[in-house]
Each structure stands twice: as C-alpha cells, then as structure tokens.
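**Q** give the three-dimensional model of this entry:
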Amino acid sequence: MSAVQTATSEGLLAAVLKSLDDDKGEDIVQINLRGKSEMGDYMVIASGRSSRQVVAMAEKLAEKVKHEFGVVCKTEGKDTGDWVLIDSGDVIVHIFRPEVREFYQLEKMWQPGTAAAR
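**A** Residues are numbered from 1 along each chain as shown. Presented below is the predicted three-dimensional model:
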C-alpha cells in the first residue's frame, strides 16, 4: 500500500488529467479558476463516448483521488451518466456525453475571452 500524498491543487489536477487520459477521455479541457471563483482552483471538463464510459471514468477518478490523496470526492449525476460532476475540493471535474456537453457549453462560460451568449 502506497503512502497518501499531500493534496495540493496542482497534484490533484495532475492526477485528474492522467486518470481521464488513461481512461480515453476526449476533448479534455482544464480551466484555471483562481481569481474567478471561490469554488475551487481548477475546473476540468471532459467527454466520454457513452453513459457507461462517463460513469466508469467518474468512479475510477474518485477512487484514484481517495486512494492517492485521501480526499473523498462528492459526485453527482452517476445515475444517468449524461453529466457527472466530481468535486475534489480544489479541482472540480465535469464529465459529459458529447451531445450533453455541446448543449450546455460549460467551458464557454469560464474560458478567457469568451462570453456566454444569452
């Protein structure tokens, strides 16, 4: 059994990105939230090809963060698998099916230089 790492924002972000990449997440985007929001330091948005893949990626990610950092993530949306939110505290992760991601266009609200059209 390996030792639990200290959970820094950058360490969590690196683990999240690696986990999503290892699980074949698509269109992975990281957004620095520092100075923009109090909810966390980073947001990561990714897509999975199916509801099953979205849920599997979310479960594996939450387990990896718990095992490596001792952080218990809050998750929402695993019942349907259209959009799963994983909150590790400093890093907020959204995993979508592609058509759901396209509908909500979440990253457009947070990317520099873009404005959400309403």
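
**Q** elements contacting the helix or strand bottoming out on mean pLDDT in the chain?
**A** Counting by mean pLDDT, DSSP states H and E, the weakest-scoring helix or strand in the chain turns out to be helix 106-110, with a mean of 84. Contacts defined by 3 or more Cβ pairs under 8 Å, 6 or more residues apart in numbering; DSSP states H and E place helix 106-110 against strand 26-32, strand 42-47. Yep, even glycine has a C-beta here, placed from its N, CA and C like the rest.

**Q** state the mean pLDDT of the lengthiest helix in the chain.
**A** Longest helix of the chain, by residue count under DSSP state H: helix 51-69. Averaged across helix 51-69, the pLDDT comes to 96.

**Q** check which element follows it along the chain.
**A** With elements assigned by DSSP states H and E, the helix or strand that comes after helix 51-69 is strand 74-76.

**Q** run the chain-centre distance for that following strand.
**A** Computed by Cα atoms, centre = their mean, to the nearest Å, the chain-centroid distance of strand 74-76 equals 11 Å.

**Q** low-confidence ranges in this structure?
**A** 1-5, 112-118 (pLDDT under 70).

**Q** what strand or helix carries H94?
**A** Assigned by DSSP H and E, H94 falls in strand 91-96.

**Q** give the pairing partners of that strand; include direction for each.
**A** strand 42-47 (parallel), strand 83-87 (antiparallel) (DSSP bridges).
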